[in-house]
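Enquirer: Take this sequence and fold it.
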Amino acid sequence: MTDQDVADQDRVARVRALLDGIRGEGRTALTAPEGKLLADAYGIAVPGEEIAHDQDEAVAHAERFGGPVVMKIVSPDIPHKTEAGGVLVGVEGAADVRAAFRTIVENARAYDARARIDGVQVQELLPPGQEVIVGAVTDPAFGKVVAFGLGGVLVEVLKDVTFRLAPVNADEALSMLDSIRAAEILRGVRGAPPVDRPAIAEQIRRVSELVTDFPEITEVDLNPVITTPRGAVAADIRVLLGPSAPAGRRRHTRAEILTSMDRLMRPSSIAVIGASDVPGKIGHAVLRNLIDGGFAGEIHPVNPRADDVQGRKAYASVADIPGEVDVAVFAVPAPAVARVLEGVGRKNIPNAVLIPSGFAETGEHGLQDEIVAIGERYGVRLLGPNIYGYYSTWQDVCATFCTPYDVKGGVALTSQSGGIGMAVLGFARTTKTGVSAIVGLGNKADLDEDDLLTWFGEDPHTTCVAMHLEDLKDGRAFVEAARATVPRKPVVVLKAGRTAAGARAAGSHTGALAGDDAVYDDILRQAGVVRAPGLNDMLEYARALPVLPTPRGDNVVIITGAGGSGVLLSDAVTDNGLSLMEIPPDLDASFRKFIPPFGAAGNPVDITGGEPPSTYEATIRLGLQDPRVHALVLGYWHTVVTPPMVFAELTARVVAEFRERGIEKPVVASLAGDVEVEEACQYLYERGVVAYPYTTEKPVAVLGAKYRWARAAKRLRAEDPSGGAAAGDGRDVGGPFMT
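Expert: Numbers count the residues shown, from 1 in each chain. Predicted coordinates for the structure are as follows:
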C-alpha cells in the first residue's frame, strides 16, 4: 500500500467519523465549521476561519487575519444564515467586531429562540472576483451529479448551470467551464483578466470525489466561489445529508442482456398465455397477429379450458409445451400473472411479455414487486407490465393486440406509453418508414431503455434508435449504453415531463437548479443522445437521420428561389446551431454566373423564383462539387417555370449522380407552393433528399439533429480536397431505409 493510499484511507475515516456523529445527532445539515473540516480533508480551497465563542475571541481572530472579515452565526438549527440576519461582511476594527458579534447572536435568537448557538464564525474576507457556484446533488435517475455555473445571489435567477455525472476527471471538469452560456466571462471581457480556470476545475473535481466517496451526502453548495486570475476559493460551503444510499437495481452484464434480448427479438418459439378463440379479447388478438404476421417459428396457445385455439393445439400450461420456449406473452388478468409466471420460470423461459395492466400504475405496487421477485428468482426478464406488446419486424413477430405492421427497415422505436406507441405505428405507416422493432415498455418492472439500447446498438438491422421516455430507472446504465451505441448509430430521445423541472424539494442552490429536466438535458447531450423537443420531432428525426449522409464539416449553404424563404431558412440554421458558410470569392463568382442581376449571391444564394430548371440544377451542382461546402439547404418556390416535380426530379438526379461519384453530402429541402409540392417532397425523400412542404423549420431541424449526432459520434472530418468520400465517412447509417 502506498503512502497516498494510507492518506486516502485516513481522510475517508476522518470524514466518516464526522458524518456518523452528525447523523447520530439526528441532523441533516452541517455547520460551517463542519463543512470546513470536509473541505480541508478533500483539498477544497476555503478562506481561513475560526470560531469565536465570545466577543474577545472574535476580536483576536479578526486581528490575526489582519483585515476586514466576514462574521457568520454557527448553529445547527439555522441552515439559512443570511435569512436569519446571521451574516455580516467587511467587519473591521475591534469595536465593530464586538458590535457585529452581538448583532449576529441577537438576530439569531430573534429568528429562532430555541436554536442552539455554537458561536460566531470569523472568516477571512476574500478579494473581489468573479462569483461562480460549484455543487453536487443526488438525482433520482443519475445519482451523484456535479454542477457548475455563475454564482452569487443571482444564481437561481440566471440559472446558467451545467451538470456532469460524478465523479469527473480534470478534463471533464474543465469542459464544464465552456458549457455555460456565460463562458466568455470566465475568459475575460472588457479588459477584465481571465480567471484561474484550472483552479475552478479542481474545485469541481474534488467536490465530485467527496460525494462519490460518501453517498449519504445529498447536496453540496460552494456558493459563491470567488475566482480570480490566481485561484478559486469557496467563500461558503453548505452540505446536506440524507439516508444511506438505497440498494441499486439489479444490474445485468452486457453479455446477459444480449443473450436474453436475442431470444426476445429473434425467437424460435412463442407461447401465448391466455390465448382465446373469442374476438375482442387480448389473447385472441395477440395470437391472431402472430399467425397472420407470418412468424415462422412455433406458436403455442396456452389455455387450460381448450384443446385447440384458432386451429392450433393448445396446452393447459407452459409446462406441457414440448421443447424450449423463448418468449411467453401474457394475456391473462393481473391477479393471475404471478402464479403463471412461476410456471414460466420453472420451464426456463427467458422472457415474459406482460401485456396486462393493474400493477404499479394503479397503485398495486405489491403485485408488481411480487412478479419482479419471481422473475429474479428464475432469471426471467420481464417486458412490461401494462404494455401493448412488441413488434420485431425482421423476424415477423407481431406480439401485440394492436394493429399489425410489417414494413421492415432500420428504425427501432420504443415508448413508455401505449398511446405514444400507437402514434409511432401510425406515423411509420403513413410515412412508409421501415422499422426494425417497435417495443412498449409500460411500467418497466424489469427490462427498460438501457436493455433495449444495448441490443439495438448491436442489431445489424437497426440503423437508428428513437425512444420516448418519461423517466429512467437507471440513468447511468442508460448513459453507458448510449455511449456504446452513438459512435455507430444515432440515438434520439423524447423525454416527457420537461415542465416538471425544479418541482422537487431542495435544500440548496444546487438542488433548486437541478430540476429533473435540467439534469436530463445536460447528461443526455453529453452521452451523445439527440434530444427531440416533441413527438413529431422524434419521429421525423428517426425517419430522416438514416436517410441523410453524414456531414464531413460545418459549412452549410442555402440555395433558394425565394428571398423570404432564404431569410427564414437562415434563422433556422442559426436556431439549430449550424454554421452558414462564408462564401469564398471564387465560389461566389461561380454562383453569380447562374443567377440574374436582381438575384443575390452570398449565403443564402438567392436565384429568384422565375428561374428555369437549369438554374436550380447548375447551382445545386456547384454546391455538391465544391469540397468546401458540406451540406445544402434548398428553398423551392412553386412556379410554372419550374414546377414542383420538375424541381424534385432534377434535384434527385443530380444528387444521385454525385453519390455515384462517391460525393455524398446531406441535402434537405423546403418546398413552398400548392398541393403538388407534397408529391414532390415524397419523391425527394424516397431518393435520399429530406424534403418537407410548407415549412422552413423542419428540414433544417432534421439537418441540425444529424449534425448533433455527427459531432457526438466524432464523425465530422477534415476537408478532403478532392471532394470525395473518405474511408470511414459514416455512410453506414445512410442508404435504404425501408423495404
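Enquirer: Could you use CA atoms for every contact and neighbour count after this?
Expert: Noted.
Enquirer: Helix or strand next in line after the helix or strand of the chain with the lowest mean pLDDT, which one?
Expert: Among the helical and strand segments of the chain, the one scoring lowest on mean pLDDT, DSSP states H and E is helix 509-513, with a mean of 57. Remark: after helix 509-513, the chain's next helix or strand is helix 516-526, criterion DSSP states H and E.
Enquirer: same for that next one, what does it pack against?
Expert: strand 161-165, strand 530-531 (3 or more CA pairs under 8 Å, 6 or more residues apart in numbering; DSSP states H and E).
Enquirer: Residues in contact with the first one: which ones?
Expert: Around strand 161-165, the neighbours that count as contacts under CA atoms under 8 Å, 6 or more residues apart in numbering are 142-150, 176, 179-180, 513, 519, 522-523.
Enquirer: who does it pair up with?
Expert: Using DSSP bridges, strand 161-165 pairs in its sheet with strand 143-150 (antiparallel).
Enquirer: swap in the last one?
Expert: Using DSSP bridges, strand 530-531 pairs in its sheet with strand 491-495 (parallel).
Enquirer: Quick one: closest of the helices and strands packed on helix 516-526 to residue 458.
Expert: The closest of the helices and strands packed on helix 516-526 to residue 458 is strand 530-531. By CA to CA, the value is 18.8 Å.
Enquirer: for the helix or strand following that closest one, packing partners?
Expert: Counting by DSSP H and E, the next helix or strand C-terminal to strand 530-531 is helix 535-544. Secondary-structure packing of helix 535-544 (3+ CA pairs under 8 Å, 6+ apart): strand 464-469, strand 491-495, helix 697-712.
Enquirer: Hmm, which of the contacts of strand 161-165 is lowest in pLDDT?
Expert: Ranked by pLDDT, the contacts of strand 161-165 bottom out at residue 513, which has 59.
Enquirer: And the nearest residue to residue 41 once chain neighbours are set aside, which helix or strand is it part of?
Expert: Distance criterion CA to CA, 6 or more residues apart in numbering; nearest residue to residue 41, sequence neighbours excluded, is residue 11 at 5.9 Å. Counting by DSSP H and E, the element that carries residue 11 is helix 3-24.
Enquirer: Pull that helix out as CSV, backbone CA atoms only.
Expert: Taking Å, rounded to 0.1, in the frame of the first residue of the first chain, the C-alpha atoms of helix 3-24 are listed here in CSV:
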residue,chain,number,x,y,z
ASP,A,3,1.6,6.5,1.2
GLN,A,4,-1.1,8.0,-0.9
ASP,A,5,-3.4,5.0,-0.2
VAL,A,6,-2.8,5.4,3.5
ALA,A,7,-3.5,9.1,3.4
ASP,A,8,-6.8,8.5,1.4
GLN,A,9,-7.9,5.9,3.9
ASP,A,10,-7.2,8.2,6.8
ARG,A,11,-9.1,11.1,5.1
VAL,A,12,-12.1,8.8,4.5
ALA,A,13,-12.1,7.6,8.1
ARG,A,14,-12.0,11.1,9.5
VAL,A,15,-14.9,12.3,7.3
ARG,A,16,-16.8,9.1,8.1
ALA,A,17,-16.5,9.7,11.8
LEU,A,18,-17.6,13.3,11.4
LEU,A,19,-20.7,12.4,9.3
ASP,A,20,-21.7,9.5,11.6
GLY,A,21,-21.6,11.8,14.5
ILE,A,22,-23.8,14.4,12.8
ARG,A,23,-26.3,11.8,11.8
GLY,A,24,-26.2,10.3,15.3
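Enquirer: Enumerate the positions of that helix that are buried.
Expert: Buried residues in helix 3-24, counted by 16 or more other CA atoms under 10 Å: 12, 15, 18-19, 22-23.
Enquirer: I'd like to know how far the residue nearest to residue 41 sits from residue 38.
Expert: 9 Å (CA to CA, to the nearest Å).
Enquirer: How about residue 709?
Expert: Distance from residue 709 to residue 38, by CA to CA: 40 Å.
Enquirer: Next: residue 241.
Expert: 13 Å.
Enquirer: For these two, work out which one has more neighbours and name it.
Expert: The neighbour count for residue 241 versus residue 38, taken as other CA atoms under 10 Å, is higher for residue 38 (24 against 19).
Enquirer: residues contacting the nearest residue to the more buried one once chain neighbours are set aside?
Expert: Residue nearest to residue 38 in three dimensions, not counting chain neighbours: residue 15, with 6.5 Å by CA to CA, 6+ apart. Shown in contact with residue 15 (CA under 8 Å, 6+ apart): 37-38, 41.
Enquirer: can you tell me which of those are in strands?
Expert: In strands, judged by DSSP state E, none of the contacts of residue 15 are found.
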